[in-house]
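> kindly return the folded structure for what I paste below:
(chains A and B)
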Amino acid sequence: MADSACRALRDGVLAGEHAPSLMISDSMHTTAGLSVFNYFLRSLVSNISSARAQAKGLVVVAFDRSPDFYVKLLARAGLDTYSHSWFQVLDCYTDPLGWQKEILDNVKSDIQETSEISKEHISHAGFTVCRDVGNMESLMSVILTSGKGAIGSQGKGRFSVAIDLVSIMVRHLSLPLVANLINNLRCHDEISSLMWLVHSDLHEPRIVTALEYLSSMVAVLEPIAPLSAASLKLKGDPDKLAALEGNLKKGKLRLRVKRRNGRVREHIEEFTLEQADVKFSAISHGKFAVSGSSNLPQVQFNLQLTEKEREDRARVILPFEHQGNGKELQIYDGRKGRSAWRASPVSDSHPVNTDPNFNAFDASKESGRGEIHYIRDSDDEALDSDEDPDDDLDI
Amino acid sequence: MASRSGSFVRNLAPTVHVQAVGAKLGPNGVSLVSTGFADLDKVLGGGIPVGGILMIMEDIEAPHHLLLLRYFMAQGLVHDQPLLYASPLTSPQAFLGTLPGVVQAKDDKSEIEGSPKHTKGENLRIAWQYRKYFNENQSIETHKFQQPELAPFSRTAKSSSFGGGLTGNKYEFCSNFDLRKPMERSLLNAINVECVNLQAISDLSVFHERCTSFLSKLSRAQGGISQIGRIAIQSFCAPQCRHSNLDWEMLSFLKSLRAVLRVSNAVAMITFPSSFLTPLFCTRWQHLADIVLSVKAIPDEDKELASLLTDYQDMVGFVHVHKMACINTQVPTILEANTYSLKLLHKRIVVLERLNQAPVDASSGESYGTVAAAPLCSRSANGSVLDF
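As a prediction, the model looks like this:
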């Protein structure tokens, strides 16, 4: 459920482990990625502002939208972040490579007048502008400084980081550097949780796999009605149009959570995009896709005996006259009367009955009261006779 | 479960056997070193051949390769073997702190059994008069199939005269580890333990230099009693390492490592997340290794798997054997089963077991055929077991 992911982000990190990281991955077929990202962001902000979360501050690294967008988004949801210092946005949107500053510098040097468009480091509302996105170390340090600013001067708190769009980050930095950055954030002492959005069809599968490797929860958004490219010729086909429209409003969220014991839990939910909000609901129509393929070609039947079965087997009396313990065992041969037989001494406490229909070696009847039925064919003959087939049973 | 060696046993001069702590003679004149995990040793036919590489393909969703690495390194430390550990963690030393400690097993004898044939004889109850014949045969059989002892140390751990400062089971081929018990500090601070941080390495050639210098002390050219070194490389192509997108460099590093290993008394265990490599390179890496395993995560609360397998709740992962070592021989080893389940017992011991099918409920009227056939056929999205 999406709620479990929200809770994981809220609860944050345990000592000695990596911070929980949520990766939201969408594709062209369902463009709800940003809405879902906003949903998780809103829940995290509400948790932080009401002090329910482990994190004391939040840094949003905004690549795709301007910081004002986020302020307004949260304000619409009733969360006032404008004047609070625990909410920081790192503005990597307005001038990621420092080009505007360069141009303005040149303009200044040419025209020799102070420009109205100030290019100071702090944009309005006090958000830091990052102008050097291509440099991993500086980006990391800016994130950490913002985070420290978010926690305030107490010093001992943790903060969460939400990266708007890792797809843009991958554009500026190579994959090892992005992975390094995210990994360092995860291991850092002051980070409580981490979340990011990526458009999976913009990248090679290797990059998406790398990001999955670094995350502890992966939320994949899929369209309700998968449409292939060929079927996108919709001329006059109302069904397909309706399906496409359905894709715009609805989708399927598949959340894979890595648990600490090494097992992977998968939840599938449906979501609907309503006005500026996302509603999650359980899957309405039936088929759960089988998660992954299990390689079980050689499943064998369990031929091992349990302890109880072993004990029972040890207690079974085999139908030989000599059990190897020095005493002779009387075996009922069906000729004498039963009472007479019972009167004769039997060395073992287990009665051995005769019943011609019983299989003498039926080991499945080991229940401690097992009965072995054995009829000797050759009692009429004298012992030690040559024709006695059971000759060697008597020693 | 053990690999079946043929009736031909190569008659080799005893000088081939490496007289070292923790090594035993395996088939075809190859010395074997324990992985630290007794069940895995059995599956691999005794252990890792000296001079060989064991590669583990990780699953990005599960940390089970760390379990196998821990056993491997812990066994090396217990046997006082030099260890080189490389990992992309920021502090590899911290990982050393998670190694399991050795426990004295109460029933030592049962673990140091001979081949299964020996134990089968004891469990079989024979009719009285044949027993005298069987006893004669048994002594011949045990002589033939018994695993060679760790020369020159005695087999029963309790009466070891080489105890020294540590307990007697230091010289067992494969020690019993308890995951809950941390390894002794004295072993961790041994001078022959080196750690390398893969993230900090700017160039793979630097790492290669490090490995070669480590292996040069263990070269096979020097005869006599020597030590067997262990190299453990964790998550070699992890995305946060700078070399992770240099496919050809990584491949040439592995090739040269393998070349140096072949002439040294050392073994290497390399784990890597195989999903990052293109299939082309993944296949090339597997060709370079002697033994290839892969670990897979188990989906949690998967009802189909739960109904198909017994002990589904206890399992934490699957281990699949892709390739077995084939050194000094042309005959490949064929295992009875390639997939094993990894179970954690009481949170302290890990065992590897064959997959057992859960008993089919007789009242439902399904035959064994339909239930068994379902996973063998492609698993359709319907999930209905009876359709095939």
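> just the strands in the stretch 201-350 of chain B please.
All strands of the stretch 201-350 of chain B, identified by DSSP state E, counting those that start in this stretch, fall at B:229-233, B:266-273, B:291-299, B:315-323, B:339-345, B:349-354.
> format these as a markdown table; extra columns: distance to residue B:329.
C-beta here means a position set from N, CA and C on the backbone, and glycine is covered the same way. Shown next, in a markdown table, are these (distance: least, Cβ to Cβ, whole Å):
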| stretch | distance to residue B:329 |
| --- | --- |
| strand B:229-233 | 24 |
| strand B:266-273 | 18 |
| strand B:291-299 | 14 |
| strand B:315-323 | 14 |
| strand B:339-345 | 24 |
| strand B:349-354 | 24 |
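> tabulate the ones you listed in TSV, adding columns for distance to chain A, mean pLDDT and mean neighbour count.
Converted to TSV, the strands of the stretch 201-350 of chain B look like this (distance: least, Cβ to the nearest Cβ, whole Å; pLDDT from 0 to 100; neighbours: other Cβ atoms under 10 Å in any protein chain shown):
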stretch	distance to chain A	mean pLDDT	mean neighbour count
strand B:229-233	17	92	25
strand B:266-273	6	93	26
strand B:291-299	5	90	22
strand B:315-323	5	89	19
strand B:339-345	6	86	19
strand B:349-354	6	80	18
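> low-scoring stretches of chain A, by residue?
For chain A, applying pLDDT under 70 flags the ranges A:81-83, A:111-126, A:153-155, A:226-237, A:276, A:283-305, A:318-370, A:374-395.
> and the longest strand along it, which strands flank it?
The longest strand of chain A (DSSP state E) is strand A:263-274. Note on strand A:263-274: by DSSP bridges, its sheet partners are strand A:250-258 (antiparallel), strand A:277-282 (antiparallel), strand B:291-299 (parallel).
> redo the ones you listed as a markdown table? Include distance to residue A:179.
Putting those into a markdown table (distance: least, Cβ to Cβ, whole Å) gives the following:
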| stretch | distance to residue A:179 |
| --- | --- |
| strand A:250-258 | 17 |
| strand A:277-282 | 29 |
| strand B:291-299 | 20 |
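> between the ones you listed, which gets nearest to residue A:70?
Relative to residue A:70, the nearest member of those by Cβ to Cβ is strand A:277-282, separated by 15.7 Å.
> next to chain B, which bits of the stretch 101-250 of chain A? Give me the list.
A:174-176, A:179-180, A:182-184, A:187, A:206, A:209-210, A:212-214 (Cβ under 8 Å from any Cβ of the partner chain).
> out of these, flag the one nearest to residue A:56.
residue A:187 (19.1 Å).
> and the helices in chain A?
Assigned by DSSP state H, chain A shows helices spanning A:2-11, A:33-49, A:67-76, A:99-111, A:136-151, A:166-172, A:175-187, A:205-214, A:238-249, A:307-315, A:338-343.
> between those helices, which gets nearest to residue B:345?
Nearest of the helices of chain A (Cβ to Cβ): helix A:307-315, 15.6 Å.
> circling back to that earlier point, want to throw the helices of chain A into TSV with distance to residue B:237 and mean neighbour count?
Output for these, formatted as TSV (distance: least, Cβ to Cβ, whole Å; neighbours: other Cβ atoms under 10 Å in any protein chain shown):
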stretch	distance to residue B:237	mean neighbour count
helix A:2-11	28	18
helix A:33-49	28	21
helix A:67-76	36	17
helix A:99-111	35	12
helix A:136-151	19	19
helix A:166-172	18	21
helix A:175-187	10	22
helix A:205-214	10	21
helix A:238-249	36	13
helix A:307-315	46	12
helix A:338-343	78	11
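> out of these, which is closest to residue A:25?
Of the helices of chain A, nearest to residue A:25 by Cβ to Cβ is helix A:205-214, at 6.7 Å.
> identify the residues contacting that closest one?
Helix A:205-214 is contacted by residues A:21, A:23, A:25, A:166, A:170, A:175, A:178-179, A:182-183, A:186, A:196, A:198, A:200, A:218, B:60, B:238-240, B:273, B:275-276, B:278 when judged by Cβ atoms under 8 Å, 6 or more residues apart in numbering or on different chains.
> now do it against strand A:250-258, angle only.
Taking axes from the mean of the first three to the mean of the last three Cα atoms, to 10 degrees, one finds helix A:205-214 and strand A:250-258 inclined to each other by 60 degrees.
> once you drop chain neighbours, what's closest to residue A:265?
Once flanking residues are discounted, residue A:265 sits nearest to residue B:300: 4.1 Å by Cβ to Cβ, 6 or more residues apart in numbering or on different chains.
> about what we covered before: among the strands of the stretch 201-350 of chain B, which is nearest residue A:159?
That would be strand B:266-273 among these, by Cβ to Cβ, at 29.1 Å.
> for the closest one, which strands pair with it and how are they oriented?
By DSSP bridges, strand B:266-273 pairs with strand B:53-58 (parallel), strand B:229-233 (parallel).
> give me the residue from chain B nearest chain A.
For chain B and chain A, the shortest gap (Cβ to the nearest Cβ) falls at residue B:239, measuring 3.6 Å.
> wait, that residue sits on residue A:179?
Yes. Residue B:239 is within contact range of residue A:179, at 3.6 Å (criterion: Cβ atoms under 8 Å).
> skipping adjacent residues, who's closest to residue B:353 in space?
In space, not counting the residues next to it along the chain, residue B:353 is nearest to residue B:341; the distance is 5.4 Å by Cβ to Cβ, 6+ apart.
> what about the one you found, distance to residue A:97?
Noted for residue B:341: a distance of 52 Å to residue A:97, by Cβ to Cβ, to the nearest Å.
> confidence score at residue B:96?
At residue B:96, the predicted lDDT confidence score is 86.
> residues near it, how many?
Neighbour count for residue B:96, taken as other Cβ atoms under 10 Å in any protein chain shown: 21.
> repeat for the one 4 residues further on
Each residue near residue B:100 was counted by other Cβ under 10 Å, and the total is 24.
> just list whatever residues bridge to the residue nearest to it when sequence neighbours are not counted.
Excluding the flanking residues, the one nearest residue B:100 by Cβ to Cβ, 6+ apart is residue B:177, at 4.0 Å. Going by DSSP bridges, residue B:177 is paired in beta bridges with residue B:102.
> just confirm residue B:177 contacts residue B:102, I think it does.
Yes. Using Cβ under 8 Å, residue B:177 makes contact with residue B:102 at a distance of 6.1 Å.
> okay, and the common contacts of those two?
Listed contacts common to residue B:177 and residue B:102 are residue B:74; contacts here mean Cβ under 8 Å, 6+ apart.
> of all the strands paired with strand A:263-274, which one is nearest residue A:44?
When the strands paired with strand A:263-274 are ranked by proximity to residue A:44, the top entry is strand A:277-282, at 14.3 Å, counting by Cβ to Cβ.
> for the closest one, buried residues please.
A:278, A:280 (16 or more other Cβ atoms under 10 Å in any protein chain shown).
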